[in-house]
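**Student:** sequence first, predicted model second:
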Amino acid sequence: MLFTDGACSGNPGPGGWAAIIVDDGIERVVFGAEPHTTNQRMELLAAIEGLAAIPGRRRVDLHTDSAYVMNCFRDRWWEKWERNGWLGAGKKPVTNRDLWERLLRETRRHDVVWHKVKGHSGHVMNDRVDALARAAIATLQSRP
């Protein structure tokens, strides 16, 4: 299982992402931060880096509270984007294309089953990964 979340202090602003990987009862955490970003980019990076940290090809139950990420895969937006040369609504370039392409590469490497979690609703793992993403932002302030 994979639980992911991104956070931003301001949007845009400093941001953090985190993922908790649970494999055979063993947990691993990956996280990171960027000084100037958006919440959507952090949500995408959490899923990308979480999937990238899982070796080989696996079935992965990915849990996210991001409607942005979830809807893309549930409604298969990416198929239309690829067909249309990465142009979205109004023939405008898809926002965050660089990260969407990375996420697609990772999802094609695994068998991903998407699960939408309601954020800030008392879901223990979502609350934990949210706290980790927010803590990642604090690492930016501790850098010299």
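**Tutor:** Cool, the structure landed. Keep in mind it's a predicted model, so treat the numbers as computed, not measured. Numbering: from 1, shown residues only.
**Student:** where does this structure dip in pLDDT?
**Tutor:** Across the chain, the ranges flagged by pLDDT under 70 are 142-144.
**Student:** in the lengthiest helix in it, what's buried?
**Tutor:** For the chain, the helix that runs over the most residues, judged by DSSP state H, is helix 124-141. Residues of helix 124-141 classed as buried under the neighbour-count rule (16 or more other Cβ atoms under 10 Å) are 125, 126, 127, 128, 129, 130, 132, 133, 134, 136, 137. Glycine gets a C-beta too; all of them are placed from N, C-alpha and C.
**Student:** tell me the one of these nearest residue 116?
**Tutor:** Within the buried residues of helix 124-141, the smallest distance to residue 116 is 10.4 Å, found for residue 126 (Cβ to Cβ).
**Student:** how about the contacts made by the closest one?
**Tutor:** Under the criterion of Cβ atoms under 8 Å, 6 or more residues apart in numbering, the contact partners of residue 126 comprise 3, 5, 63, 65, 117, 118, 119, 120.
**Student:** report the contact partners of the fourth one.
**Tutor:** If I follow you right, that is residue 65. Taking Cβ under 8 Å, 6+ apart as the definition of contact, the neighbours of residue 65 are 5, 116, 117, 118, 119, 120, 126, 130.
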